[in-house]
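**Q** Just a sequence and a predicted model for now, questions to come.
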Amino acid sequence: MSAPATPRVLVAGGHSAGHIEPAMNFADALRRLDNTAEITALGTERGLDTTLIPARGYPLELIPPVPLPRRLNRALLAVPSRLGASVSAAGEVLDRVRAEAVVGFGGYVAMPAYIAAKRRRIPIVIHEANARPGVANRVAARMTTHVFTASAAVHLQHATPIGIPLRPAIANLDRTALRTEARERFGLRPDGPVLMVTGGSQGARMINWAASGAADLLRTAGVQVLHIIGPQNVLEVADMPGAVPYVVVPYVDDMQYAYAAADFVLCRAGAMTCAELSAVGLPAVYVPLPLRGGEQRFNAEPIVAAGGGLLVDNDDLSPTWIAENLVPRITDEDTVAAMSRAAAHAGSRDADVVLAKHVLNVIAEYRRFAGGDHGSSARRQQ
């Protein structure tokens, strides 16, 4: 008997790290399940596609970007003329790589890929990481029944909540086992509570200001701080010999070490941040980015409802708020332990494998109906 055919998958999720990271984590999981899999990423010249995707070792095909309004409104009427060219380009890629499934994560490239796949009756699989889905995934959820979301709070047709695909270094992290090494790595003491402060890859001005302004209060309470300020930011916190450490770094490449060093986190509420912290069981104060009506808060609400975190509006965060609300919690071991368990209960560590297995099953079903002929009219419409 001949060997099973190589699975051929087009991954569409570009522009922002929030789309690219879960897409690449899924691709890695698919490769682990079937090392013969041929995976092609679809992207544009805008955003981080040309930087992040090749670094993960996947071929990248570029198509014209088509920014989509996040609401179904009049602005959408200006899209069709640009969308047509992008759909044609996506279709050419699908034909060239002989894709058997399109796995989309939203973003500029997703809609053209979905439409091109629909026209060719190629199966479409969707993953939505955000609590408020974008236009591309809302429209595509009407094209397919293969829809997966970060949590049950995400409202899309046919949705199955599985979490967000994470890197194995995060998904498999044993914080306790790595803690001593992680704290040594950052110059922190082995004992005592540690607060990790981060505003995401670029930092956050309000979070940086509030945390640094509370430095003396945190030190007095015995709370060590690992503050990731962002590569473009400058922050000065007085170095006091013999005092409780307040460590400032511009960026951390291997976040598993930062998570292992920490007991509590002060951060934004992006989908990937929420997914990673809940997966590793880290309680957090979530400060939603004050854009689009502060919709990031919807990513954190399921974790907060489970008891694994707190929510505070950007304008309400201050050194005083930290002293009154965060310090009493991080300095109480029982409270930290209870919130850690609640955060972990709200998280998911295996979304990458769950999604990859489903895609392989979708391809197997597609082949049965296609009879091995990608040009056949007998292909099943998904």
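**A** Arrived safely.
**Q** Please point out which parts of the one helix or strand residue 183 maps to sit buried.
**A** Residue 183 belongs to helix 175-186 when assigned by DSSP states H and E. Within helix 175-186, the residues scored as buried using 16 or more other Cβ atoms under 10 Å are 175, 178, 179, 182, 183, 185, 186. Backbone N, C-alpha and C define where each C-beta goes, glycine included.
**Q** Which of these sits closest to residue 35?
**A** Ranked by distance to residue 35 (Cβ to Cβ), the buried residues of helix 175-186 are led by residue 178 at 27.9 Å.
**Q** hang on, the closest one packs against residue 262?
**A** No. Here residue 178 does not reach residue 262: they are 11.2 Å apart, not a contact under Cβ atoms under 8 Å.
**Q** Show me the chain divided up by domain.
**A** 8-166+349-370, 169-346 (automatic domain parsing).
**Q** Export those domains to JSON lines and append columns for mean pLDDT.
**A** Below are the domains of the chain laid out as JSON lines (pLDDT from 0 to 100):
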{"stretch": "domain 8-166+349-370", "mean pLDDT": "90"}
{"stretch": "domain 169-346", "mean pLDDT": "93"}
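**Q** And residue 360, how far from residue 160?
**A** 16 Å (Cβ to Cβ, to the nearest Å).
**Q** likewise residue 110?
**A** In terms of Cβ to Cβ, residue 110 sits 18 Å off from residue 160.
**Q** and if you look at residue 328?
**A** Residue 328 is 39 Å from residue 160, by Cβ to Cβ.
**Q** Could you do residue 317 as well?
**A** 35 Å.
**Q** And these two? Which one has more around it.
**A** Counted by other Cβ atoms under 10 Å, residue 317 and residue 160 do not tie: residue 317 has more neighbours, with 21 against 14.
**Q** which residues touch that one?
**A** 206, 207, 210, 287 (Cβ atoms under 8 Å, 6 or more residues apart in numbering).
**Q** which residues sit in contact with the last one?
**A** Listed by Cβ under 8 Å, 6+ apart, the contact set of residue 287 reads 204, 206, 207, 266, 267, 268, 269, 312, 313, 314, 317.
**Q** cool, and the first one?
**A** Taking Cβ under 8 Å, 6+ apart as the contact definition, residue 206 lies against 287, 314, 317.
**Q** Which stretches in the stretch 51-200 of the chain count as helices?
**A** 80-97, 110-120, 135-140, 168-171, 175-186 (DSSP state H, counting those that start in this stretch).
**Q** Looking at those, spot the one closest to residue 252.
**A** helix 175-186 (8.5 Å).
**Q** The helix or strand harbouring residue 328: what's the following helix or strand?
**A** Residue 328 is part of helix 327-330 when elements are defined by DSSP H and E. Once the chain leaves helix 327-330, the next helix or strand it forms, by DSSP H and E, is helix 333-346.
**Q** Share the number of residues neighbouring the closest residue to residue 335 other than its chain neighbours, please.
**A** Once flanking residues are discounted, residue 335 sits nearest to residue 329: 5.0 Å by Cβ to Cβ, 6 or more residues apart in numbering. Counted with other Cβ under 10 Å, the neighbours of residue 329 add up to 17.
**Q** What of residue 240?
**A** That count, for residue 240 with other Cβ under 10 Å as the rule, works out to 12.
**Q** list the contacts for the closest residue to residue 348 other than its chain neighbours?
**A** Spatial nearest neighbour of residue 348, excluding adjacent residues (Cβ to Cβ, 6+ apart): residue 163 at 2.6 Å. Residue 163 sits next to 150, 151, 275, 279, 347, 348, 349, 350, 351, 354 when contact means Cβ under 8 Å, 6+ apart.
**Q** Narrow the residues you listed to those that are buried.
**A** So, by 16+ other Cβ under 10 Å, the buried ones in those are 150, 151, 275, 279, 347, 348, 349, 350, 351, 354.
**Q** Which members of those occur in helices, if any?
**A** Among the buried ones among the contacts of residue 163, the members falling in helices (DSSP state H) are 275, 279, 351, 354.
**Q** Could you report the distance from the closest residue to residue 12 other than its chain neighbours to residue 319?
**A** Residue nearest to residue 12 in three dimensions, not counting chain neighbours: residue 113, with 3.8 Å by Cβ to Cβ, 6+ apart. Going from residue 113 to residue 319 by Cβ to Cβ gives 46 Å.
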